[in-house]
Each structure stands twice: as structure tokens, then as C-alpha cells.
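Trainee: need a structure here:
(2 chains)
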Protein chains: 2
Amino acid sequence: MTTEAPPPGPDPWNTPGFRFATCPCGIKPHHRTDLLLVAMDPGTTVAGVFTQNQVVAAPVVLCRERLPQGQAQALIVNSGNANVANGPQGMQAARTLTQAAARLLAVPEDTVFIASTGVIGEHFPVERPLAALPKLVQDLSSQRPWLQAAQAIMTTDAHPKLARERFLVDGQPVHMVGIAKGAGMIHPNMATMLSFVFTDATLSKEVLQQHLRHAVNQTFNRAIVDGDTSTNDTVLAFASGKGAVTLHPGNSTAMTAFATALESVCGQLARMIVADGEGATKFVTIEVTGASSQAHARTVAATVAKSPLVKTAFAGSDPNWGRILAAVGYSGVPLQVDRIAIFLDQVPIVAGGVRAPDYQEAQGAAVMAQKEITIRIDLGSGQERDTVWTCDLTHEYISINADYRS
Amino acid sequence: MTTEAPPPGPDPWNTPGFRFATCPCGIKPHHRTDLLLVAMDPGTTVAGVFTQNQVVAAPVVLCRERLPQGQAQALIVNSGNANVANGPQGMQAARTLTQAAARLLAVPEDTVFIASTGVIGEHFPVERPLAALPKLVQDLSSQRPWLQAAQAIMTTDAHPKLARERFLVDGQPVHMVGIAKGAGMIHPNMATMLSFVFTDATLSKEVLQQHLRHAVNQTFNRAIVDGDTSTNDTVLAFASGKGAVTLHPGNSTAMTAFATALESVCGQLARMIVADGEGATKFVTIEVTGASSQAHARTVAATVAKSPLVKTAFAGSDPNWGRILAAVGYSGVPLQVDRIAIFLDQVPIVAGGVRAPDYQEAQGAAVMAQKEITIRIDLGSGQERDTVWTCDLTHEYISINADYRS
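Mentor: Residues are numbered from 1 along each chain as shown, chains lettered A, B, ... in the order given. Predicted structure coming up:
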């Protein structure tokens, strides 16, 4: 039950203090991997950000309950069933699982965190992960576990999502690895989808929480696939303290490096979620500048990102830019329409609120045909800005979601 | 230039005081009908409700400008080009058209109303409708004009949309006919899509405006296809005064009959728009009851109606009802989750915020397979209620909108 020694040589993915095991426990059909157990060394601090949906999964209730004490020694994640709307039975199932893990790992129950993702409202078959736990505990290992861990939490994701950062404090390395899942029901509302970030730094739960909240707002909350906010959104960060570095809030250089690394890991994962958006073929960055507040900029960008008509225009590579202007117009943000400018990459489309005088449709069509597109919307009303990431809306989204469960 | 005599016999569509002409003027390709002219007898009063989008079409600006004087003698509507974001040129085009119609009809320019629908942001080729106007004026007729009028204003609509009502006041008939267009970019925000309602009653512009605003809120504002609010949304009502009945606000029985008829015509048209939603195969009524306010009920219903995941579940006939509960949860309305009940038609799905104890998936599947579905969501928080109408989200919506302009 002690941490294995890290492998020799500078493995950039090596993040001491965490051991992993995965298996198929039978929640997903076809013997697909659907259960992840992470064991953490004593002293690991934890921070979390959760969905703002008022209907929440049982695991979210349990995590919120346990977060204040700030210590984590295990994480259980299942995919295939979201354990939502199962009432007291659903809560009991989540508790039973964490109790069993606590007993098998000989750790306090309230240091066991849990997350679920999958279909909402189906009976949660707790006996299946419960039966799988003893073997999972035996299998725990720190040997390059990331890919399997990321795969175990996938639902409609086409690709596993992993990201890492490494930085030095006084010549000593800090390691950070994140995994995430998410492809649909993606809409920023404090925390979106499941993501878990692991670092070997030593830092307090309060500092970890503060940095996680900021990073989530700058990253996951900028990712929009369809505008549906999940009942299970959970981002948890764990700091094992098993690396060489202790981060004190007083050391601003080191804290800045940590914040940058955390935002980088979360940002990479958030972009991967959008790129893997259900049926997506294009990655679209929407930058709003010249806003009177960052909140206004975010609202305008999110409104454009959620517009089915804008998203289908991307899918069709159709420079039907009037739909972008229409979405800006119904965002609810106070506008001076005659100051609005819109660019597709570098091509000016709208100037002074109307079609740019020199715009040629061929220019717009060339940009819309790209795999990655940046729309910049300048509101001409101030100095604030914000960015969201989104994808196109394609036939494949319909196919995936019209028949998700079968 | 005088009104022709109505045909003999009780034609329920007969609404004296209006003459119609349509033609293809070349804005739409393939010689499709795209221009409608309506001439109205002197004394016709007018009321209007327009989009709340801050980016508005030139015709909307012009109509708002002319509405206060309250008299209408003509209406010009083109489809195929929305005349939005064309700057001073777009405004000039709209003015030029109404000037020409005023001259040809020998009526004051400010009694000519105008509406456009189609692609946003494309140059408006004013010379085409302008060239067509003289012949249109010659062609004006009151002989069963409704189907052609409804067809002339279609864009992506699969079907023309007409509705009528007739009621008696002191034994004398009041006639009312409405036409509408709309299939995409449909989201309630005061007025949605184009619709024009014609009645032969005599009533003041103030009373007409008050009743129109109420009817729109009860009908068109309940129709959601995709959540995109158009830049061109316009509902105009015209009262020619050429029938036998004068409606005074003091005659509450007659006014109630008028309000009921107006709401009926608008409601029929709004339901037709949803049923004709781009790619729609199902008509879904979402009733929210037990809310603490009607606004809360509307917000919850609209949130469910806009959820791409709920709409694709309808398309797939998948009773994946957890998505409905999730959408209720992120509606932003304060909830007592453990009081929420949800029914698919008569089948209880959720009770006390969790899966209903006796729910069997086969029951849900049977309802979801229907062409018409009612979802009732009881919030258990009060006595207020509201309803919206929506449709499923299918492959066909993507096909239509990924390639709308070609």
C-alpha cells in the first residue's frame, strides 16, 4: 500500500503519490472499461468545482459533503450510469461504494471521492462496481496509468483526454497530469464534464481550491458543445505532496507557475472536449473584444457558440455570417449595433454594424472551409474581452444523441 | 381601386377590405414566388409586435417608425432576402419600395408597411421588387387570395400557413384570417417569424395593439424550434372596418370574442410553425404546472424545449427522460427538486424529484414513439403554469441549415 518508486529517468508523466487501476465492471455493455480507482498517499489535499445544475448526481452530493475536510485518499469513477434521480437508493449506492473502498484501502471513508457519468435516471447497479473493487485494489499501480484511466471514464467521447505540465521551483520539478471526459451535454456553468487533475506538489486545500476555481473559469467554462449543463459536472484536483516542492502562497513566482500550469492542463483538456464534441468536425474559437465587461463578452460569445444556426453554418462551411450578427443581437447584452465589427479569422465581415464594404463571399468561404476557425466580434463598447470554444453541429450529433443508450 | 364585392354565399375565408397579389420577382432563385402586395381600404387600423433582437432588419425599423400613426393601406412582403445589416442602403431600399407602392396605389407613404425574410446580410436587390410592383398593383384581387399570399412569404417552410376565425356580434359576422411563415430561427422573444392577421372588424389601433400583444405572448412566443431569435420577426394585424361590426372596448362580450378569435388564429399559426419546424417529425407540447410564477413556468418550459439533448431524444423516440430533468435543473429557476413530478402524456416518469417507482421503460417508449407528445412538468412550488410548443431535432434540420442558401 505504499507508493512505488517512480521509474528511472525523467518521465514527464510521472506524478508521484497516485496509483491507478481500471476494469470493466459491467455497467457499460460489451465488456468495455467503465471503472477507475485512484489511491492517493496520505496528506493529499483536494479541491473541487461542481455543476450548478440544481438537479445533481448522488456522487456530486457526496463530494460536496466531503470537500471541506480537504483530504483525499481515493477516487472512484464509473462511466455508463450517471446515478442521478435515483433518490435515497442512489445516495446509498454512492455511500456503499466509498465505504467499501475505504475499508479495502484502510483509509477514512470521508477521504474517498466519487464521480459517475452516463445515462441519467437509470437504476444504478451498485453491486457491479462493488464486486469489482477488491481486484481493483490489488491491481493498483503507478506505472503509466494515464491512458487507461482516461479511457475508463469515457462515454460518447471518441478519444481519451490527457494533458500534462511540468515546471521547476528552485530547480525542483512539479508534475501535473489531468484527465477528462466529455463530448455532449457541455455548457459552461462553473464546472462542466468530469476532469481530474493530479499534482505531486505540496499545497493547502485552500490554495488549491482558489486556483482550481480560477482555472476552471478560464478553461472548462469556455467550452460549449450543445448548451446542455450536466447534472454530474465535476472537476477535482489532488495534490499528493509526494514531489520535491512545497508551494506557499507567499512565493508568488512559484504560485504563478502553478496557476499557469493548472490553467494549461485544464485548457488543453477543455479544448480536447470541444474538439471531441459529439459529431464535431470543426473547432471554433469565438473571441469577443471591446466589451464593457468580461461577463458581457462571455455572454455574447456563448450565445453565438450555442446558436444552432451558426453551428450548422460551420458544418456546411457556409459563410452565412448574418447568423452570427443575429445571435449577437439576441444575446441580451446592451449593444451599440453601429459599432460592431466581426472578423472570420482575418477577414472583416461586418464593420460599423453592417456588411464590411470590401467583403467578398469567396474570402468568407475560404475561412469557413478550414478545420479551425476564429471568429472575432468587437463590440466597440469598452476594453473587456473573453473567449469561448465551440464546434459545429452535424448529422453525427443527431445520430449519437437520438440513439445514445442503445 | 375599390374593393370588389365579396362572392355570394357564406365564404368563411371572406374578409372584406383587403386585396392581394403575388409574383416571383427574382429575389428567390428558380422563379419561385417571393413577393406579396396587400392593398387595404382607407380606414384600416394596424397593430404590430416586432423582434426584440437588437440587430433588426430595415423593414422592422420602418414599420416601427410608421406604427404610431396607426393607419395602413398597403403591405409589401418579400421572401429570400432579409434586408438586414445592409446599412443606409438597406434602409433606402425599404423606403424606395414603400414610396413606389404608395405612388402606384395613390396612398400616403407612411401607410405602407413592409417586411422581409430570408438570408441575413446579403445585398438587397431592390430593383427586382421595384420592377414587379406595377404589375402587382394591376393584379390586386380579393378572390380567395390566402394560399398564394401564404406561399409568397415562405422560405424554408415546407407548408404554407393559414388560419381563420369567424364569430358573431349581435348576429353580425366578424371575419379574421392570418398567414404566417417560419420554420427555423424560431425562439419566442415578443414576436417571432412573420405573421399577418386581417380582420374586417372596425376597431381602434390602440385596442388592436393591446389585443395583438396579448395574443402574441400566448401563441407565437410559445413556439420554439431552435432557440435562435430572428432579426426580422414581425406580426402585424390589420382591421379594415369593412365588415358589419364595430368593436368598442366597452362591449366586453364582443371584445372577448375578438380576443379569443385572435388568439385562436395566432395559436393555429404558431402551432403550424412548430409542426413545420425545420426537419421536425414530432410536435411536442411542454406544460409546466405548479410554478411560483408564470414567468418561471415559461422559463422552465423553454429551457426543456431548447435542449438539443431532449430534442434529439424525441427524434430517436428514446424515453431518455433524465435529459428532461437535467434541463429543468439548469433552467435557472429556483427549484425544490424533491417536489418535481414529470409525466410523458399520462405516464408518471419522475415523482418527488426521482424516478417514479412504478415507471416501466416500455411505457415511456410507447409515448415517445407518437407523433404528438405532451410533457407535463409539475414543479410543486405554486399555482402558476405555462406551455410552450416545440419539435424534435433531426438530421433534416442539419441538412437544411448547413446548406440553406444554395
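Trainee: tell me the domain boundaries of chain A?
Mentor: A:18-275, A:283-402 (automatic domain parsing).
Trainee: count of residues packed around the closest residue to chain B within the stretch 51-200 of chain A?
Mentor: For the stretch 51-200 of chain A and chain B, the shortest gap (Cβ to the nearest Cβ) falls at A:Ile120, measuring 2.5 Å. C-beta coordinates here come from the backbone N, C-alpha and C atoms, glycine included. Using other Cβ atoms under 10 Å in any protein chain shown, A:Ile120 has 28 other residues around it.
Trainee: Quick check: it vs B:Glu287, distance?
Mentor: 21 Å (Cβ to Cβ, to the nearest Å).
Trainee: A:Gly178 now?
Mentor: From A:Gly178 to B:Glu287 the distance is 43 Å (Cβ to Cβ).
Trainee: So, low pLDDT: which residues of the stretch 1-150 of chain A?
Mentor: A:1-10 (pLDDT under 70).
Trainee: residues from it in reach of chain B?
Mentor: Residues of the stretch 1-150 of chain A found near chain B (Cβ under 8 Å from any Cβ of the partner chain) are A:52-56, A:82, A:84-87, A:90, A:119-123.
Trainee: Does the lengthiest helix in chain A pack against any helices or strands, and if so which?
Mentor: Longest helix of chain A, by residue count under DSSP state H: helix A:252-275. On a contact count with 3 or more Cβ pairs under 8 Å, 6 or more residues apart in numbering or on different chains; DSSP states H and E, helix A:252-275 meets strand A:161-169, strand A:172-181, strand A:194-199, helix A:205-218, strand A:283-291, strand A:384-391.
Trainee: can you do 6 Å?
Mentor: strand A:161-169, strand A:172-181, helix A:205-218, strand A:384-391 (3 or more Cβ pairs under 6 Å, 6 or more residues apart in numbering or on different chains; DSSP states H and E).
Trainee: So for A:Leu37, which of these sits nearest?
Mentor: strand A:172-181 (13.5 Å; Cβ to Cβ).
Trainee: What are the buried residues along the closest one?
Mentor: A:Pro173, A:Val174, A:His175, A:Met176, A:Val177, A:Gly178, A:Ile179, A:Ala180, A:Lys181 (16 or more other Cβ atoms under 10 Å in any protein chain shown).
Trainee: Farthest pair within the residues you listed?
Mentor: Largest pairwise distance in the buried residues of strand A:172-181, by Cβ to Cβ, is 27.4 Å, between A:Pro173 and A:Lys181.
Trainee: near chain B, which residues of the stretch 251-400 of chain A?
Mentor: Residues of the stretch 251-400 of chain A lying near chain B by Cβ under 6 Å from any Cβ of the partner chain: A:307-309, A:312, A:315-316, A:321-322, A:325-326, A:329-330, A:335, A:337, A:354-355, A:395, A:398.
Trainee: ok, now with 7 Å
Mentor: Near chain B, the residues belonging to the stretch 251-400 of chain A are A:307-309, A:312-313, A:315-316, A:318, A:320-323, A:325-330, A:335, A:337, A:350, A:353-355, A:393-395, A:398 when assessed by Cβ under 7 Å from any Cβ of the partner chain.
Trainee: and whatever residue of the stretch 201-350 of chain A ends up closest to chain B, what are its phi and psi?
Mentor: Proximity of the stretch 201-350 of chain A to chain B (Cβ to the nearest Cβ) peaks at A:Gly322, 2.5 Å away. The phi and psi values for A:Gly322, taken as degrees, to the nearest 10, are phi -60, psi -30.
Trainee: Now distance to B:Ala301 too, for the domains of chain A, in JSON lines please.
Mentor: Formatted as JSON lines, those follow (distance: least, Cβ to Cβ, whole Å):
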{"stretch": "domain A:18-275", "distance to B:Ala301": "16"}
{"stretch": "domain A:283-402", "distance to B:Ala301": "18"}
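Trainee: Can you say which of the ones you listed is nearest to B:Leu105?
Mentor: domain A:283-402 (30.4 Å).
Trainee: Counting neighbours, which of the residues of the stretch 1-150 of chain A next to chain B end up buried?
Mentor: Buried among the residues of the stretch 1-150 of chain A next to chain B by 16+ other Cβ under 10 Å: A:52-56, A:82, A:84-86, A:90, A:119-122.
Trainee: Mind checking which of those residues land in helices?
Mentor: Reading helices off those with DSSP H, I get A:Gly90.
Trainee: Turn the buried ones among the residues of the stretch 1-150 of chain A next to chain B into a markdown table, including distance to A:Arg385.
Mentor: Output for those, formatted as a markdown table (distance: Cβ to Cβ, whole Å):
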| residue | distance to A:Arg385 |
| --- | --- |
| A:Gln52 | 23 |
| A:Asn53 | 28 |
| A:Gln54 | 30 |
| A:Val55 | 33 |
| A:Val56 | 32 |
| A:Ala82 | 35 |
| A:Val84 | 36 |
| A:Ala85 | 39 |
| A:Asn86 | 42 |
| A:Gly90 | 42 |
| A:Val119 | 38 |
| A:Ile120 | 35 |
| A:Gly121 | 39 |
| A:Glu122 | 42 |
